[in-house]
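Student: would you be able to build a 3D model of this:
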Amino acid sequence: MVGGVWHDFDYARLELLKLLAEHDEFRVRVQPDYEDTSSFEPGAAFPAEVLVTYTCDVRPSERAQRALRDWVGRGGRWVALHATSSALDQSPDGWVAPRTMPLFVDTLGSQFIAHPPIAPYTVRNVAPDHWLVAGVEPFDATDELYLNEYPDRSALVPLLVTDYRGDARGFAESDWNDGDPEHLVMYLRPLGDGGVLYNTLGHCRSHYDMVPMKPYYPNVDRCSWELPVFHEILRRSLRWARGLDA
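Tutor: Have a look, this model is predicted:
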């Protein structure tokens with residue numbers, strides 16, 4: 001599921017399809033949002049077993065939120081990437097994250113609130129014994145550092161983290177100088193018989209992805225997509241989605 005705003009979704013879609021194509025048994029359906037829930041319903045003719053999302057400001061209806069949560073609870077495995085957790089509205093104080101998708105956010109495990117300007121930051125492995133990140137040494141990512149809100153952080157299994165205190169200019173909730181400096185970069189969210197694996201890395205943007213706010217964006221951002229370790233983590237994530245444990 002790939003779609004939304006402010007990102008190079010064509011690039012992300014192609015890169016994800018390349019990774020999915022490494023699994024001969026996968027048969028992939030691509031859609032831009034959550035509203036066609038036919039594959040998530042009990043008794044579906046072509047039931048979904050795996051969901052991979054790279055979206056931004058795609059807000060599922062209440063019906064779609066419920067279908068998605070029930071599907072995960074019955075055993076579905078959801079690999080969520082980057083801006084999947086984001087919904088943003090403009091306000092006089094900057095971009096604000098509306099708390100209007102509580103079931104979706106609780107299923108995913110977090111909601112995006114803000115990020116500082118793109119700059120290098122160090123990602124640390126806090127679960128070295130978990131096969132999803134075993135052997136992953138600390139690495140620097142030049143990416144959007146997601147500052148998220150967690151409905152129940154104790155329900156999450158942290159895998160990769162980073163530390164940040166400072167400002168996130170341009171966002172209504174811009175002051176991140178207090179509180180816990182550790183922010184989750186990648187985590188597992190068990191739910192019923194299934195679960196969610198969320199990785200906040202992977203920003204990408206090309207020249208025309210900010211239209212109509214900007215007719216031409218000067219940079220081509222590939223961020224963590226340029227890192228071999230990111231691709232290795234994505235490959236492991238897809239193996240997790242298949243139900244493998246190594």
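
Student: any idea what Thr142 is bridged to?
Tutor: When bridges are called by DSSP bridges, Thr142 pairs up with Pro120.

Student: tell me the helix or strand right after the helix or strand containing Thr107.
Tutor: Per DSSP states H and E, Thr107 falls inside helix 102-108. Note on helix 102-108: by DSSP H and E, the next helix or strand toward the C-terminus is strand 111-114.

Student: partners of that following strand in the sheet?
Tutor: By DSSP bridges, strand 111-114 pairs with strand 147-149 (antiparallel).

Student: who touches the partner strand?
Tutor: The contact list for strand 147-149 (CB atoms under 8 Å, 6 or more residues apart in numbering) reads 85, 97, 105, 110-116, 164, 168, 176, 183-184, 200. From N, CA and C alone the C-beta is placed, and that goes for glycine too.

Student: buried residues in that strand?
Tutor: For strand 147-149, burial by neighbour count (16 or more other CB atoms under 10 Å) applies to 147-148.

Student: cool, stretch 64-80 as well?
Tutor: Buried-residue list, stretch 64-80, by 16+ other CB under 10 Å: 64-72, 76-80.

Student: give me the contact list for it.
Tutor: Stretch 64-80 is contacted from outside by 34-35, 37, 40-42, 48-53, 60, 101, 103-104, 106-108, 191-199, 237-238, 240-243, using CB under 8 Å, 6+ apart.

Student: select only the buried ones of the residues you listed in ChimeraX?
Tutor: Typed into ChimeraX, the line below selects the buried ones among the contacts of stretch 64-80, using 16+ other CB under 10 Å:
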select :34,37,40,48,50,51,52,53,60,101,104,106,107,108,191,194,195,196,197,198,199,237,238,240,241
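
Student: re the thing from before, now compare the buried residues of stretch 64-80 and name the two farthest from each other.
Tutor: The most widely separated members of these, counting by CB to CB, are Arg66 and Val79 (20.4 Å).

Student: I'd like the distance between Arg222 and Pro138.
Tutor: Look at Arg222 and Pro138: by CB to CB, to the nearest Å, they are 21 Å apart.

Student: so between these two, which is more surrounded?
Tutor: Counted by other CB atoms under 10 Å, Arg222 and Pro138 do not tie: Arg222 has more neighbours, with 18 against 10.

Student: you'd agree that one is up against Cys204?
Tutor: Yes: the pair Arg222 and Cys204 qualifies as a contact (CB atoms under 8 Å) at a distance of 5.7 Å.

Student: what touches both of these two?
Tutor: Tyr11.

Student: picking that back up, closest to Pro228 among the contacts of strand 147-149?
Tutor: The closest of these to Pro228 turns out to be Thr200 (CB to CB; 18.5 Å).

Student: who are the neighbours in contact with that closest one?
Tutor: So Thr200 contacts 81-82, 85, 144, 146, 148, 184-186 (CB under 8 Å, 6+ apart).

Student: do the same with Thr37
Tutor: Residues near Thr37 by CB under 8 Å, 6+ apart: 63-64, 67-68.

Student: repeat that for Leu197.
Tutor: Applying CB under 8 Å, 6+ apart, we find Leu197 in contact with 77-80, 132, 186-189, 237, 240-241.

Student: give the buried residues for the top helix by length along the chain.
Tutor: Counting by DSSP state H, the longest helix found in the chain is helix 228-241. Burial within helix 228-241, assessed by neighbour count using 16+ other CB under 10 Å, is assigned to 229-230, 233-234, 236-241.

Student: surely Thr142 meets Thr122?
Tutor: No: when contacts are counted by CB under 8 Å, Thr142 is not listed as touching Thr122 (11.0 Å).
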